[in-house]
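# need a structure here:
(4 chains)
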Protein chains: 2
Amino acid sequence: MDIGEIARRSGVARSTVSYAISGKRPVSQQTRQRIQAVIDELGYRPNAVAKALKEGRTRTIALVIPPANTRLTDHQLTFVASVVNTAAKADLDVLLSPSGDEHDRSFERVITGRRVDGAILMEIRLTDHRVTRLQQTGLPFVTIGRTNTPDTTTWVDIDYDTLISRCVHHLADLGHQHIALIDRSPHLATTGYGPSHRAHTGFTRTTTQRGITPIHTHTHDNPNSGHTTTTQLLHTHPHLTAITTINEAALPGIYHAITQTGRTIGTHISITGVAAQHWAENLHPPLTAADAPADELATNAVNLLINRITNPTTPHQHLLLTPPISLRATTGPPHPFP
Amino acid sequence: MDIGEIARRSGVARSTVSYAISGKRPVSQQTRQRIQAVIDELGYRPNAVAKALKEGRTRTIALVIPPANTRLTDHQLTFVASVVNTAAKADLDVLLSPSGDEHDRSFERVITGRRVDGAILMEIRLTDHRVTRLQQTGLPFVTIGRTNTPDTTTWVDIDYDTLISRCVHHLADLGHQHIALIDRSPHLATTGYGPSHRAHTGFTRTTTQRGITPIHTHTHDNPNSGHTTTTQLLHTHPHLTAITTINEAALPGIYHAITQTGRTIGTHISITGVAAQHWAENLHPPLTAADAPADELATNAVNLLINRITNPTTPHQHLLLTPPISLRATTGPPHPFP
DNA sequence: TTGTAGGCGTTATCAA
DNA sequence: TTGATAACGCCTACAA
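Numbering: from 1, shown residues only, chains lettered A, B, ... in the order given. I've put the predicted structure just below:
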């Protein structure tokens, strides 16, 4: 059933039906009602594909998610959900596209076939071939995180440098002299993952500035790895009294490793870092941390993208978020252990 | 740039270019190469929207996710990722559609505008208006979970009844006499959420059969709620020695509440249930549980859907999964506390 | 206030 | 082996 069917049954031209639906041209009360009756009776809905072809836009955006081999963190998950919700409010649909690994076909297909009006790229690297590819195609896009050449794209990001710097200052103010940064996986760092680099930079700068012994270590995005790393860390660095981290997925393991040695969190070992709010709140004890603003990131990403789609020539906009640290229960003055 | 442009530059007809690309008609080596050269030079890609209009299918499926107000559990998240991956392997794209709440517009738009060839519905209820709606439209779909009239749809589901029954048997075999079922939220149960109902059924039947005192309680899908519920549970039922649950999101809180009272998990309180594998493994101690097979659920859902799309008249197929219980570290013979 | 007709970019039928 | 052309279903000038 198509618009012609409706037209025939209501005894009008196809264009009249179209106008009756869109309201872009006045239609007499009488015909409008007759048309509407037929539409209701047949349950007619315009074919979105035909409409998209005619209008040259699909009212769909792509969300390019990280490869599936690395499990999505809670923060990323919240982000995806927020994107879908924000897009829904703007009557946009979201096409999910896995990237990396063997999924390049999917990525190519989505961004190259004019199936979407724009794209949001998650978890980009300092140099990222997907960004290059997207720039070639001319499809509007915004990235979560920024590349080495931030001025050439529209992006939203979290200021991990400043955030980790603040964490170190907070711990230093409490009197800590030995602070460890537990980073995300070494693999991410070597493949140019911005947050890792920038957290590291902020950490190094601030510990130097405050005359603190810095300890830098990586761990995979899961509790088991966090447990192993932390156990080792406590063993090799007996003077350690504070940890800061951007690896929320490892946190349960970090907690467990600490308590397992008989230490108390917040007393013998202070912890702080960056994590999803509900994640920080649901740990025991609740984590003092900068709450990663996934919602805000998502809302802004979608809005910036809509902006770019409707007005492709505007200069690139950027948004760097620096959420405050929520004081909860995991930091305090250093207590030697045992 | 369109197919006509390529045709012009290669000095052939548009149809020849089309056939050169699709291979659905023999094209001489010579012209094919000439065409390919032009395509490569200009970076031409066929417009997927036009193709979809012409072919009458979009090579896209919709994944209808639960309303955003209830945070997705780990199991659900894994499921979404698996669907996207499986679909990608079949060169299908996935359109995400939130349902429920104020998102009915999105749901309607997606399933009604011929934007997708089929849909997968997550978290359906025993009576579910989305199922009814989908049946009206005639769009092929498969549900995760089953309604009250399971024969009228294609579905995949987890056999919570049998799973919880097995858990009770396992605990009873160990000698437990007082077993509690911690269900998911009361709201889910009252809105006809199948897994809640069926877990409850299996629990009641098996406890009766084994002569065990059943205790049934609900909790929300988060650690805090699990903590509150469990604390209260231990208080009201001091003889309780075992818990079985289908609420994986509440587990950290359940654990915490138990140890907080001085009890040891696996000794004073045995726990078992249904949860995502990596979730069960990353708890301390690791949870003895039936590993919810999100991957298998997803793969089968996608394949059944593809089946239904290509062959809409086949009888409905169903798949009920009953994964075995993985023995880890949280069950043992009952030890009175203190 | 309404109708006619052309075109969005493909694929596929029918000729040559 | 290739070309011309008619759809797919919609929107929107342009006419009436």
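# quick one, helices of the stretch 51-200 of chain A?
Counting by DSSP state H, counting those that start in this stretch, one finds helices in the stretch 51-200 of chain A at the ranges A:74-89, A:104-112, A:129-137, A:160-174, A:186-190, A:194-209.
# CA atoms only for the fourth one, dumped as CSV, please.
What follows is helix A:160-174, C-alpha atoms only, in CSV (Å, rounded to 0.1, in the frame of the first residue of the first chain):
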residue,chain,number,x,y,z
TYR,A,160,41.4,13.6,32.0
ASP,A,161,44.6,15.6,32.4
THR,A,162,43.0,18.1,34.7
LEU,A,163,40.9,15.5,36.5
ILE,A,164,43.8,13.3,37.4
SER,A,165,45.8,16.4,38.3
ARG,A,166,43.0,17.4,40.7
CYS,A,167,43.0,13.9,42.2
VAL,A,168,46.7,14.1,42.8
HIS,A,169,46.4,17.6,44.4
HIS,A,170,43.6,16.3,46.6
LEU,A,171,45.7,13.4,47.8
ALA,A,172,48.8,15.6,48.2
ASP,A,173,46.8,18.1,50.2
LEU,A,174,45.8,15.2,52.5
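# got the angle for that helix vs helix A:194-209?
30 degrees (axes from the mean of the first three to the mean of the last three CA atoms, to 10 degrees).
# buried residues in helix A:160-174, which are they?
A:160-168, A:170-172 (16 or more other CB atoms under 10 Å in any protein chain shown). Yep, even glycine has a C-beta here, placed from its N, CA and C like the rest.
# rewinding a little: including distance to DNA strand C and mean pLDDT, could the helices of the stretch 51-200 of chain A go into JSON lines?
Below are these laid out as JSON lines (distance: least, CB to the nearest atom of the strand, whole Å; pLDDT from 0 to 100):
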{"stretch": "helix A:74-89", "distance to DNA strand C": "24", "mean pLDDT": "88"}
{"stretch": "helix A:104-112", "distance to DNA strand C": "11", "mean pLDDT": "92"}
{"stretch": "helix A:129-137", "distance to DNA strand C": "14", "mean pLDDT": "94"}
{"stretch": "helix A:160-174", "distance to DNA strand C": "42", "mean pLDDT": "98"}
{"stretch": "helix A:186-190", "distance to DNA strand C": "38", "mean pLDDT": "91"}
{"stretch": "helix A:194-209", "distance to DNA strand C": "36", "mean pLDDT": "97"}
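# out of these, flag the one nearest A:T313.
helix A:129-137 (14.9 Å; CB to CB).
# just to revisit the earlier point, which among the buried residues of helix A:160-174 gets closest to B:Q36?
For the buried residues of helix A:160-174, the nearest to B:Q36 is A:Y160 (45.6 Å; CB to CB).
# residues contacting the closest one?
Neighbour list for A:Y160: A:194-195, A:198-199, A:202, A:246, A:274 [criterion: CB atoms under 8 Å, 6 or more residues apart in numbering or on different chains].
# please apply the same query to A:G194.
Contacts of A:G194 by CB under 8 Å, 6+ apart are A:124-126, A:145-147, A:157, A:160.
# of all the residues you listed, which comes closest to chain B?
A:I124 (18.7 Å; CB to the nearest CB).
# distance of that closest one from B:E123?
The gap separating A:I124 from B:E123 is 32 Å, by CB to CB, to the nearest Å.
# swap in A:A199?
Distance from A:A199 to B:E123, by CB to CB: 36 Å.
# out of these two, which sits in the busier spot?
The residue with more neighbours, out of A:A199 and B:E123, is A:A199; 31 against 23, by other CB atoms under 10 Å in any protein chain shown.
# residues contacting that one?
A:160-161, A:163-164, A:181, A:183, A:246, A:274.
# just the element for A:N300, please.
helix A:294-310 (DSSP states H and E).
# ugh, wrong one, I meant A:Y19
helix A:14-22.
# does that helix reach chain B?
No: Helix A:14-22 does not reach chain B (CB under 8 Å from any CB of the partner chain); its nearest approach is 12.6 Å.
# tell me the buried residues in that helix?
Quick answer for helix A:14-22 (16+ other CB under 10 Å): A:16-21.
# before we move on, the earlier item: adding distance to DNA strand D, write the buried residues of helix A:160-174 out as TSV.
Formatted as TSV, the buried residues of helix A:160-174 follow (distance: CB to the nearest atom of the strand, whole Å):
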residue	distance to DNA strand D
A:Y160	45
A:D161	47
A:T162	46
A:L163	46
A:I164	50
A:S165	51
A:R166	51
A:C167	53
A:V168	56
A:H170	56
A:L171	59
A:A172	61
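# could you check how far the residue nearest to A:N307 when sequence neighbours are not counted is from A:V116?
Spatial nearest neighbour of A:N307, chain neighbours left out: A:T314 (6.8 Å); criterion: CB to CB, 6 or more residues apart in numbering or on different chains. Using CB to CB, A:T314 is found at 19 Å from A:V116.
# rewinding a little: is any residue of the helix holding A:N300 near DNA strand D?
No: counting by CB under 7 Å from any atom of the strand, DNA strand D is not contacted by helix A:294-310; separation bottoms out at 14.9 Å.
# mind giving me the packing neighbours of that helix?
helix A:74-89, strand A:118-121, strand A:141-144, strand A:154-158, strand A:318-321 (3 or more CB pairs under 8 Å, 6 or more residues apart in numbering or on different chains; DSSP states H and E).
# buried ones in the last one, by neighbour count?
Residues of strand A:318-321 classed as buried under the neighbour-count rule (16+ other CB under 10 Å) are A:318-319, A:321.
# cool, and the longest one?
Residues of helix A:74-89 classed as buried: A:74-88 (neighbour count, 16+ other CB under 10 Å).
# ok so A:P334 is a helix residue?
No: counting by DSSP: H, G, I helix; E, B strand; the rest coil, A:P334 is not found in a helix; it is coil.
# gap between the closest residue to it other than its chain neighbours and A:H178?
Spatial nearest neighbour of A:P334, excluding adjacent residues (CB to CB, 6+ apart): A:T241 at 3.8 Å. Computed as CB to CB, the A:T241 to A:H178 distance reads 6 Å.
# when those two are compared, which one has more neighbours?
A:T241 (24 against 18).
# for chain B, see how far away that one is.
Per CB to the nearest CB, to the nearest Å, A:T241 is found 23 Å from chain B.
# show the contacting residues for that residue.
A:176-179, A:268-270, A:334-336.
# separation between it and A:R109?
Counting by CB to CB - A:T241 and A:R109 are separated by 52 Å.
# and what of A:E5?
A:E5 sits 32 Å away from A:R109, taking CB to CB as the criterion.
# if you count surrounding residues, which of these two has more?
A:R109 (18 against 14).
# what does the pLDDT read for A:H103?
pLDDT recorded at A:H103 is 73.
# list the residues that contact the spatially closest residue to it that is not a sequence neighbour.
Leaving aside its sequence neighbours, A:H103 sits nearest to B:A88 (CB to CB, 6+ apart; 5.4 Å). If you count contacts by CB under 8 Å, 6+ apart, B:A88 has them with A:98, A:103, A:105-106.
# now for these, which pair is the farthest apart?
Pairwise over those, using CB to CB, the maximum falls at A:P98 and A:R105, 10.1 Å.
# who has more neighbours out of those two?
Set A:P98 next to A:R105 and count neighbours by other CB under 10 Å: A:P98 wins out with 22 against 11.
# can I assume the more buried one is in contact with A:P67?
Yes: between A:P98 and A:P67 there is a contact under CB atoms under 8 Å: 6.4 Å.
# next to DNA strand D, which bits of chain A? Give me the list.
Counting by CB under 7 Å from any atom of the strand, chain A sits next to DNA strand D at A:2-4, A:14-15, A:18-19, A:21-22, A:24, A:46-47, A:50-51, A:53-55.
# chain B: which of the contacts of B:A88 is nearest?
Once CB to the nearest CB is applied, the member of the contacts of B:A88 that ends up nearest chain B is A:S106, at 4.3 Å.
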